[in-house]
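**Student:** Kindly return the folded structure for what I paste below:
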Amino acid sequence: MATQFRDILETFENQNPDRDYNIEIVCPEFTSVCPKTGQPDFGTLIFNYIPEEKCVELKSLKMYLQAFRNEGIFYENVTNRILDDLVAVLEPRWMHLEAKFTPRGGISTNVTVEHYAETPEEDEEEEA
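**Tutor:** Numbers count the residues shown, from 1 in each chain. You can find the predicted model right below:
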């Protein structure tokens, strides 16, 4: 199922690959389902990334995120899965995802994950 969701994501060519610049995308209507109770979970996803060769196409990102609407998955797992899928498709220099879930039973949860691409210097150090 994970690759089916990932297949929804589309990209376009980064027109400025020689420049580091940040893209921030805010998705305030993310929904999934609690795997324990079956109740809907609501959250805001905040993506920040520095692209390499590709950028995410926003309509495909919207459709990808909507695919989780009926998915029973814990906050921590869905946040990491989304980051893994975007990193696999985009191969960014850096990506940060903050998932802010609305309170349930008086408890709110924020999950933050990051990805750092290896630099050419790190590749050379590993080979030595």
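**Student:** Only C-alpha atoms from now on, for both contacts and neighbour counts.
**Tutor:** Noted.
**Student:** so residue 85 makes contact with residue 8?
**Tutor:** No - between residue 85 and residue 8 there is no contact under CA atoms under 8 Å: 10.2 Å.
**Student:** which of these two has more neighbours?
**Tutor:** Neighbours were counted for residue 85 and for residue 8 using other CA atoms under 10 Å; residue 85 has more, 18 against 15.
**Student:** pLDDT-wise, which helix or strand of this protein ranks last?
**Tutor:** None of the helices or strands of the chain scores lower by mean pLDDT, DSSP states H and E than helix 120-127, at a mean of 63.
**Student:** Okay, strands next: where are they in the protein?
**Tutor:** For the chain, the strands defined by DSSP state E occupy 11-13, 23-33, 40-50, 54-56, 94-104, 107-116.
**Student:** Now tabulate those strands in CSV and tack on distance to residue 4, mean neighbour count and mean pLDDT.
**Tutor:** Below are the strands of the chain laid out as CSV (distance: least, CA to CA, whole Å; neighbours: other CA atoms under 10 Å; pLDDT from 0 to 100):
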stretch, distance to residue 4, mean neighbour count, mean pLDDT
strand 11-13, 16, 13, 98
strand 23-33, 16, 16, 98
strand 40-50, 21, 19, 97
strand 54-56, 17, 19, 98
strand 94-104, 21, 18, 97
strand 107-116, 22, 14, 97
